[in-house]
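Undergrad: Sequence below, structure please.
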Amino acid sequence: MLMNWSLGNYWYLLLLLLLPVIGYFIIHYVRWKSKRRNIFAEDRFQNVLFEKTSWFAKIFPILYLFGFLFLIFAIIDLLGGKEEISVTQNVSNTIFVLDVSNSMNAQDIQPSRLDEAKNIIINSLQKMTNDRVGIVVFAGDAYSVMPLSTDYSAAETYLSGIETSVIQNQGTDFLKAIEVAAQKFKNINKGAKNVVLISDGEDNEGHEEEAIDLAKQQGIKVTTIGVGTEEGAPIPEYYYGQLMGYKSDMYGETVVSKLQTKALTNIASSTGGNYFSGNNLEEAINQLIANLEKSTASSSTTISSQSSIHYYQYFLAVSVLLFFLIYLFNPKKDFNL
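TA: Numbers count the residues shown, from 1 in each chain. As a prediction, the model looks like this:
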């Protein structure tokens, strides 16, 4: 834990402008007092009529200025001083990147690839503690659904409402998914950035290598999970929640969507992550949690406190000491110059 004290609101430093004003009045008072003595008596009689000025009394104006200076410092600290505490914790920052292309509606994994992917995320959240998680959905485009947070119940709520219809531009563009995730990792240490990308790997837009380069540049470790089977299944087409049929090609033949692992494996291995099969829910969750625990890294957070530690008492003590010295060594036992 690192503490760094500062004066906080710099507007309070304007109080220092009082110092030259005070100095101006002190100087003019001393000059006025000297003129009054000269009017009352000539120089040769002043040593007889007036008490001899001690050497200490001659520095009274300087002591006054420093006394007021430290008094102003005490006021500044009391009003605007703050303590900044940098707390370093071992946490994992994980963004779940979920493929919501239409092929994720295929039912070779029951009840569907998309439902399996969402179940993997929800069940993984239940095994996390203080790790921060975010959610990004992608197809031909990518959007952030939830920023990094420890609010797992909110994450589950967001996930429950995700369907393939949330993104109109279809496809599987890994680059756009990593770009959005990278934006959410702003100000996060490179070793603490984890992406869990869940997809069937099909209908790749050809930006696989660009996605890898971006992830490596940003220090993002990508773990990929494939959902679907090599045998595949037709892609259901829904209209307002009702099954209207299955996707067909230009010749009227039913399109069979199959799991494509090549891109998923390449992205994971190239960024220091691992590829897992998501077809067995419990096994996928255990593998994912074990992998994320290995990726835990230090993350630093700075907290500013307005009322934690102040130093005004030290400034005030110096100020009181200076005024006490003025009083103590003044022959008249007061604060007159």
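Undergrad: And residue 245, how far from residue 221?
TA: When C-beta to C-beta, to the nearest Å is applied, the distance between residue 245 and residue 221 equals 41 Å. In this view, the C-beta of every residue, glycine as well, is placed from N, C-alpha and C.
Undergrad: Show me which of those two is the more surrounded one.
TA: More crowded of residue 245 and residue 221, by other C-beta atoms under 10 Å: residue 221, with 24 against 12.
Undergrad: Can you read off the pLDDT for the more buried one?
TA: The model reports residue 221 with a pLDDT of 94.
Undergrad: Check the one 3 residues further on too.
TA: pLDDT recorded at residue 224 is 96.
Undergrad: ok, now which ones touch residue 325?
TA: Contact analysis of residue 325 by C-beta atoms under 8 Å, 6 or more residues apart in numbering lists residue 63.
Undergrad: how distant is the helix or strand hosting residue 324 from the center of its chain?
TA: Using DSSP states H and E, residue 324 falls within helix 312-329. Centroid separation for helix 312-329 versus its chain: 43 Å, with C-alpha atoms, centre = their mean, to the nearest Å.
Undergrad: What of stretch 211-223?
TA: Its chain's C-alpha centre and that of stretch 211-223 lie 20 Å apart, by C-alpha atoms, centre = their mean.
Undergrad: what's near enough to touch residue 318?
TA: Taking C-beta under 8 Å, 6+ apart as the contact definition, residue 318 lies against residue 70.
Undergrad: Quick check: it vs residue 275, distance?
TA: Taking C-beta to C-beta, one finds residue 318 at 66 Å from residue 275.
Undergrad: Residue 159 too?
TA: With the distance defined as C-beta to C-beta, residue 159 ends up 22 Å from residue 275.
Undergrad: cool, residue 323 as well?
TA: The gap separating residue 323 from residue 275 is 74 Å, by C-beta to C-beta.
Undergrad: so who does residue 101 touch?
TA: Applying C-beta under 8 Å, 6+ apart to residue 101 gives the contacts 139-140, 164, 167, 170-172, 199-200, 202-203.
Undergrad: which stretches of the stretch 1-150 of the chain aren't confidently modelled?
TA: Scanning the stretch 1-150 of the chain for pLDDT under 70 picks out 1-16, 30, 33-58, 77-90.
Undergrad: What are the boundaries of the helices in the stretch 201-337 of the chain?
TA: 208-218, 262-270, 281-294, 312-329 (DSSP state H, counting those that start in this stretch).
Undergrad: Reformat these as CSV; add mean pLDDT and distance to residue 133.
TA: Below are these laid out as CSV (pLDDT from 0 to 100; distance: least, C-beta to C-beta, whole Å):
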stretch, mean pLDDT, distance to residue 133
helix 208-218, 94, 18
helix 262-270, 95, 19
helix 281-294, 89, 10
helix 312-329, 80, 42
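Undergrad: can you tell me which of those comes nearest to residue 100?
TA: Across the helices of the stretch 201-337 of the chain, residue 100 has its closest neighbour in helix 262-270 (15.9 Å, C-beta to C-beta).
Undergrad: so how far is the closest one off the chain centroid?
TA: Distance, stretch centre to chain centre, for helix 262-270: 30 Å (C-alpha atoms, centre = their mean).
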